[in-house]
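>>> Sharing a sequence plus its predicted fold:
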Amino acid sequence: MSSLRKCLTFTMAAGAAALIGAPDALAQGADKLDPSATAWILTSTALVLFMTLPGLALFYGGLVRAQNVLSVLMQCFAITCIVSVLWLVGVYSLAFGDGGPINAYVGGLGKAFLAGIGTATPSSAASHLPENVFFMFQMTFAIITPALIVGAYVERIKFAAMALFTVFWLIIVYAPVAHWVWGGGWLSAMGVQDFAGGLVVHATCGTAALVIARALGGRRGFPHELQPPHSPGMVMMGAAMLWVGWYGFNGGSALTSDGAAGMAITVTHISAATAALTWMIIEWAGHGKPTLVGITTGAIAGLATITPASGFVGPVGALAIGAIAGGLCYVAVGIVKSRCGIDDSLDVMAVHGVGGCTGTLLTAVFGASALGGLGASKLTVAHQFGIQAIGVASTVVYTAIATWIIVKIVDALVGLRVDPEDELEGLDVRTHGERGYLF
């Protein structure tokens with residue numbers, strides 16, 4: 001009895017010590033966290049998800065024929081759900097986990113299902129933020145990237161092919177590239193500057209869009225008999241939501257709530273406004289009329305192009321980048337569709353791919369303090385430009401090759417393109433059994 005009493009006494013004492021020590025340990029972890037930064041990243045997470053649902057969905061939905069508007073909304077919504085589950089299962093860990101011997105190229109699975117991560121666990125990428133908050137913030141980037149590719153294959157892809165492509169592409173393309181740049185991979189070690197996704201988001205989605213659009217072939221009537229966007233008003237509403245959400249996209253990438261986030265938002269806004277005006281003026285001069293679709297597309301080009309540079313340049317640099325984005329992306333639309341003959345339907349490559357790559361290169365130029373930048377790089381402009389060019393080239397080449405392989409696999413498994421009758425009547429009814437409008 002006395003032995004049992006001693007045993008119980010010891011067990012209770014040990015349990016009490018554990019109960020006392022556990023809060024202390026949690027408090028030590030919590031002491032490292034910044035509540036104001038956490039609040040801002042939580043807000044930014046909501047803003048970035050707002051970019052896809054409903055912003056991108058409405059922007060793309062207004063650009064297609066009325067018979068396909070629901071199919072576009074469905075694709076964006078389904079991609080959001082697919083990516084969210086995969087992100088938890090293991091893709092987050094592949095992007096931001098420790099890959100051991102192959103860490104230069106991809107992370108490991110130690111963070112799959114957020115194993116061992118509690119509410120006060122500091123993020124390994126940003127120790128002042130809880131890991132679960134960083135997990136959610138980065139999830140929204142992973143969601144919008146394959147959702148942007150939707151613009152390349154609207155009105156003609158099988159729904160099963162879209163879903164399967166998204167699964168493979170997120171694992172094989174997005175996770176490794178995100179790890180290279182943001183997860184401690186080889187491009188990060190080299191010194192590539194990509195503040196919010198010029199490479200990780202825009203270069204990858206633009207390149208993938210070109211590959212899958214080429215594999216699918218053009219829409220019915222491409223290039224001379226295409227119908228105009230069915231709802232420019234919907235396009236404008238979606239673009240406005242994207243613009244507002246981009247404050248979280250770029251401002252949130254500062255991972256803190258200070259002047260760095262404020263400057264990122266400032267340059268984001270200036271670039272978008274400048275690119276929109278530039279696009280409008282070129283279109284007005286060339287075609288005689290400024291269009292709502294044109295000015296909104298120009299704004300998106302400015303947002304995509306400033307993204308990699310938003311944490312490194314000042315307002316003057318943003319003005320220059322916006323002007324370059326508006327003109328260059330406008331020209332790129334004609335090159336992709338007219339000269340290359342590729343029906344990248346909603347100009348993902350011309351706007352996001354060209355914009356993201358251009359902004360990544362211009363980061364080296366306008367990030368220099370002599371040109372009003374923040375001087376984050378201690379290298380010469382030429383040296384940093386060379387590093388940025390390596391980042392662009394490696395991302396584009398890897399994405400193109402991997403996407404081509406994925407497209408071939410998906411085509412072999414389920415086929416890519418819908419039947420001609422389905423394409424003629426529209427995917428809303430033929431694929432989903434619903435109508436966006438009652439005519």
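Received, thanks. Given the structure is predicted, the values throughout are model-derived calculations rather than measurements. Numbers count the residues shown, from 1 in each chain.
>>> Now the longest helix seen in the chain: average pLDDT?
When the chain is scanned for its longest helix (criterion: DSSP state H), the result is helix 381-414. Averaging pLDDT along helix 381-414 yields 98.
>>> Flag every buried residue along stretch 399-413.
399-400, 402-403, 406-407, 410-411 (16 or more other C-beta atoms under 10 Å). For the C-beta atoms, the positions are set from N, CA and C on the backbone; glycine is no exception.
>>> How far off centre is it?
Taking C-alpha atoms, centre = their mean, to the nearest Å, the mean C-alpha location of stretch 399-413 is offset from the chain mean by 20 Å.
>>> Can you add distance to residue 368 and give the buried residues of stretch 399-413 back as JSON lines?
Output for those, formatted as JSON lines (distance: C-beta to C-beta, whole Å):
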{"residue": "399", "distance to residue 368": "28"}
{"residue": "400", "distance to residue 368": "31"}
{"residue": "402", "distance to residue 368": "33"}
{"residue": "403", "distance to residue 368": "34"}
{"residue": "406", "distance to residue 368": "38"}
{"residue": "407", "distance to residue 368": "40"}
{"residue": "410", "distance to residue 368": "43"}
{"residue": "411", "distance to residue 368": "46"}
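>>> tell me which of the residues you listed is nearest to residue 436?
Nearest to residue 436 among the buried residues of stretch 399-413: residue 410, at 26.4 Å, using C-beta to C-beta.
>>> Check the gap between the closest one and residue 135 for me.
Look at residue 410 and residue 135: by C-beta to C-beta, to the nearest Å, they are 28 Å apart.
>>> before we move on, what about residue 200?
Separation of residue 200 from residue 135 (C-beta to C-beta) stands at 16 Å.
>>> Ok, residue 393 next?
Taking C-beta to C-beta, one finds residue 393 at 30 Å from residue 135.
>>> Which one's more surrounded, those two?
The neighbour comparison of residue 393 against residue 135 (other C-beta atoms under 10 Å) goes to residue 135, with 21 against 12.
>>> what's the closest non-adjacent residue to the more buried one?
If the residues on either side of it in the chain are set aside, residue 135 comes closest to residue 92, at 5.7 Å by C-beta to C-beta, 6 or more residues apart in numbering.
>>> Could you pull up the residues touching the one you found?
When contacts are counted by C-beta atoms under 8 Å, 6 or more residues apart in numbering, residue 92 touches 111, 114, 135, 138-139, 142.
>>> Give me the buried subset of the residues you listed.
Neighbour counting with 16+ other C-beta under 10 Å marks 111, 135, 138-139, 142 as buried within the contacts of residue 92.
>>> ok, residues contacting stretch 425-437?
Outside stretch 425-437, the residues within contact range by C-beta under 8 Å, 6+ apart are 65-71, 74, 155, 158-159, 418, 421-422.
>>> Check which residues of that stretch are buried.
Those would be 426-431, 436, for stretch 425-437 by 16+ other C-beta under 10 Å.
>>> Kindly provide the whole-number mean pLDDT of that stretch.
Mean pLDDT, stretch 425-437: 96.
>>> First-to-last residue distance for that stretch?
13 Å (C-alpha to C-alpha, to the nearest Å).
>>> got it, and stretch 422-430?
Stretch 422-430 has an end-to-end distance of 6 Å (C-alpha to C-alpha).
>>> what about residue 392, neighbour count?
Counted with other C-beta under 10 Å, residue 392 comes out at 21.
>>> these two touch, right, it and residue 203?
Yes. Counting by C-beta atoms under 8 Å, residue 392 does reach residue 203; the two are 6.4 Å apart.
>>> Any chance you could list residues touching both of these two?
Contact criterion C-beta under 8 Å, 6+ apart; residues shared by residue 392 and residue 203: 357, 360.
>>> Which stretches in the stretch 201-350 of the chain count as helices?
Using DSSP state H, counting those that start in this stretch, the helices of the stretch 201-350 of the chain run over 204-216, 232-246, 259-287, 292-306, 315-334, 348.
>>> wait, which of those helices is closest to residue 355?
Proximity to residue 355 (C-beta to C-beta) singles out helix 292-306 among the helices of the stretch 201-350 of the chain, at 3.6 Å.
>>> Report the angle between that closest one and helix 232-246.
20 degrees (axes from the mean of the first three to the mean of the last three C-alpha atoms, to 10 degrees).
>>> Contact partners for residue 390?
Counting by C-beta under 8 Å, 6+ apart, residue 390 has contacts 187, 190, 192.
>>> Where in the chain is the helix or strand with the lowest mean pLDDT?
helix 2-31 (a mean of 41; mean pLDDT, DSSP states H and E).
>>> which other helices and strands contact the helix or strand following it?
As assigned by DSSP states H and E, the chain's next helix or strand after helix 2-31 is helix 35-50. Where contact means 3 or more C-beta pairs under 8 Å, 6 or more residues apart in numbering; DSSP states H and E, helix 35-50 is packed against helix 131-153, helix 232-246.
>>> Heading C-terminal from helix 35-50, find the next helix or strand.
Per DSSP H and E, the first helix or strand lying C-terminal to helix 35-50 is helix 57-63.
>>> Just the mean pLDDT for that next one, thanks.
Mean predicted confidence for helix 57-63 is 98.
>>> what does that helix contact?
The contact list for helix 57-63 (C-beta under 8 Å, 6+ apart) reads 69, 72-73, 76-77, 150-151, 154, 229-239, 241-242, 293, 296, 300, 345-346.
>>> Buried members of these into ChimeraX, please.
Of the contacts of helix 57-63, the buried ones go into a single ChimeraX selection, burial set by 16+ other C-beta under 10 Å:
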select :69,72,73,76,150,151,154,229,230,231,232,234,235,236,237,238,239,241,242,293,296,300,345,346
